[in-house]
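Peer 1: requesting a structural model of the entry that follows:
(one chain, ligands or ions: 3)
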Amino acid sequence: MEVRARAPGKIILGGEHAVVHGSTAVAASIDLYTYVSLHFSTPSDNNQDSLKLFLKDTSLEFSWPISRIREAFPDSPSPAPASCSVENAKSIASLVDQLNIPPANAQLAPGLSAFLWLYSSIQGFKPATVVVTSELPLGSGLGSSAAFCVALSAALLAFNDSVSLDLNQQGWHSFGDKELDLVNKWAFEGEKIIHGKPSGIDNTISAYGNVISFKSGNLTHMQSTVALKMLITNTKVGRNTKALVAGVSERMLRHRDAMAFVFSAVDSISIELTAILKSPTPDELSVTEKEEKIGELMEMNQGLLQCMGVSHSTIETVLRTTLKYKLASKLTGAGGGGCVLTLLPTLLSGTVVDKVITELESCGFQCFVAGIGGKGVEINFGVSS
Ligand SMILES: Nc1ncnc2c1ncn2[C@@H]1O[C@H](COP(=O)(O)OP(=O)(O)O)[C@@H](O)[C@H]1O
Ligand SMILES: C[C@@](O)(CCOP(=O)(O)O)CC(=O)O
Ligand SMILES: [Mg+2]
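Peer 2: Residues are numbered from 1 along each chain as shown. Ligands and ions are numbered 1, 2, ... in the order given. All right, here's what the predicted structure looks like:
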């Protein structure tokens, strides 16, 4: 029995961090995916007594005896999405500690904890092999943590009794609404382990895809009337979402009133972005007018992210470079390094795009243009594709 699941990464057009504190945010899926394949052991397999995890991108392999997992989570599996208790977190920590993760890969530990929680909660104690690969750079603001949790939850739920799926369907296909909701809820529990206090926007956009407006756990799907083209620049400066989110909360506690105004300004920006993306073209605004407004709102949002303390010298270098070409940019995701978005207007010449990319890459950054607003999580029961 084998299933593959793939879940996309995301960009945030407006509202990161503020969304954790109740502001509106606007996100879109991108066509870079995390893939999870799950193979339950059969009597003919060698692996009868362990749970194995292969992280292909880092060439790391981890294994836990099923008996240890049974000992650690005596109440598994759980009938409904459940948060990891303090008691369970201790059990997970001891299972992860015994792995001797190479120091250079220490940042994988929260991902491994989320894996153990989701696996044991959804599937209990079945021996299996799970293989993970990702097209997303990890810890760069493109939502790799959420894509990992969504793809993993989808693969784990595919064979669950509570989920009805046609196992004979060929190729990649989507879940029904009820199943998608379940995948999203479980993935949120995984994100909590990795992020500490996630808003839920990353797992939601990875599960549902498309473009969404999100506020306090509620999403509004958007039929965007603008085909946005974004240059994504990876500064390659590693950072950790959990620490950055905690830093903003601490600043909020130090300057409550000022930060409330900052979050409220971000809320207004996201509401305006939503209205522009949804408004019919060309009746109300031309594409060029829309792009100008979106660019301006992105710049305003970036200023507010600086107020929150999540910019970085490399992000500022990207902003300065793209501004020379009159292009608007903002960080995406948690900031502190990671990726920056630059809006590429429809009428911008290819020569200018090439020049910007050359200049950014000469600073040591990596640039690419991703497809925006595609499908969310999908599964495939075919063994290879
Ligand atoms: N493919 C993966 N395999 C294992 N862990 C992953 C994977 N993708 C993400 N993670 C976990 O998520 C962490 C990155 O999450 P985060 O700091 O939120 O950044 P982002 O979500 O922007 O990539 C990684 O350090 C790791 O713990
Ligand atoms: C900063 C935040 O708004 C987005 C974090 O995204 P990422 O993990 O950096 O891709 C946190 C959240 O909404 O949970
Ligand atoms: Mg993340």
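Peer 1: what residue in this protein comes nearest to ligand 3?
Peer 2: When scored by C-beta to the ion, the chain has Ser145 as its residue closest to ligand 3, at 3.3 Å. (Each C-beta comes from the backbone N, C-alpha and C, glycine too.)
Peer 1: okay, that residue: pLDDT?
Peer 2: At Ser145, the pLDDT value in this model is 98.
Peer 1: what do you get for the one 4 residues further on?
Peer 2: In the predicted model, Cys149 carries a pLDDT score of 98.
Peer 1: check Ser385 too.
Peer 2: The model reports Ser385 with a pLDDT of 39.
Peer 1: which residue is the nearest non-sequential neighbour of the residue of the chain closest to ligand 3?
Peer 2: Nearest residue to Ser145 in three dimensions, chain neighbours excluded: Ile194, at 4.4 Å (C-beta to C-beta, 6 or more residues apart in numbering).
Peer 1: for that neighbour, give me its contacts.
Peer 2: When contacts are counted by C-beta atoms under 8 Å, 6 or more residues apart in numbering, Ile194 touches Pro110, Gly111, Ser113, Ala114, Ser145, Cys149, Thr241, Lys242.
Peer 1: which of those residues fall in strands?
Peer 2: Judged by DSSP state E, those include no members of strands.
Peer 1: now, which of those lie close to ligand 2?
Peer 2: Counting by C-beta under 6 Å from any ligand atom, Ser145, Thr241 from the contacts of Ile194 sit close to ligand 2.
Peer 1: turn the contacts of Ile194 into a markdown table, including neighbour count.
Peer 2: Below are those laid out as a markdown table (neighbours: other C-beta atoms under 10 Å):
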| residue | neighbour count |
| --- | --- |
| Pro110 | 20 |
| Gly111 | 24 |
| Ser113 | 20 |
| Ala114 | 25 |
| Ser145 | 30 |
| Cys149 | 36 |
| Thr241 | 28 |
| Lys242 | 17 |
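Peer 1: show me what the helix or strand bottoming out on mean pLDDT in the chain is packed against.
Peer 2: In the chain, no helix or strand scores lower on mean pLDDT, DSSP states H and E than strand 218-222, which sits at a mean of 91. Counting contacts by 3 or more C-beta pairs under 8 Å, 6 or more residues apart in numbering; DSSP states H and E, the secondary-structure elements packed against strand 218-222 are helix 201-208, strand 211-215, helix 256-278.
Peer 1: could you redo the last one with a cut-off of 10 Å?
Peer 2: Using 3 or more C-beta pairs under 10 Å, 6 or more residues apart in numbering; DSSP states H and E, the elements in contact with strand 218-222 are strand 25-40, helix 201-208, strand 211-215, helix 256-278.
Peer 1: do you know which of those lies nearest ligand 1?
Peer 2: With C-beta to the nearest ligand atom, the closest approach to ligand 1 among these belongs to strand 25-40: 5.2 Å.
Peer 1: buried sites along that closest one?
Peer 2: For strand 25-40, the neighbour count (16 or more other C-beta atoms under 10 Å) marks 25-30, 32-39 as buried.
Peer 1: tell me which element the closest residue to Lys56 other than its chain neighbours falls in.
Peer 2: Counting by C-beta to C-beta, 6+ apart, Lys56 lies nearest to Thr133, which is 4.3 Å off, once chain neighbours are set aside. Using DSSP states H and E, Thr133 sits within strand 128-134.
Peer 1: so what touches the least confident helix or strand of the chain?
Peer 2: For strand 218-222, contacts defined as C-beta atoms under 10 Å, 6 or more residues apart in numbering pick out 24, 26-28, 184, 200-201, 204-205, 207-214, 273-274, 277-278, 373.
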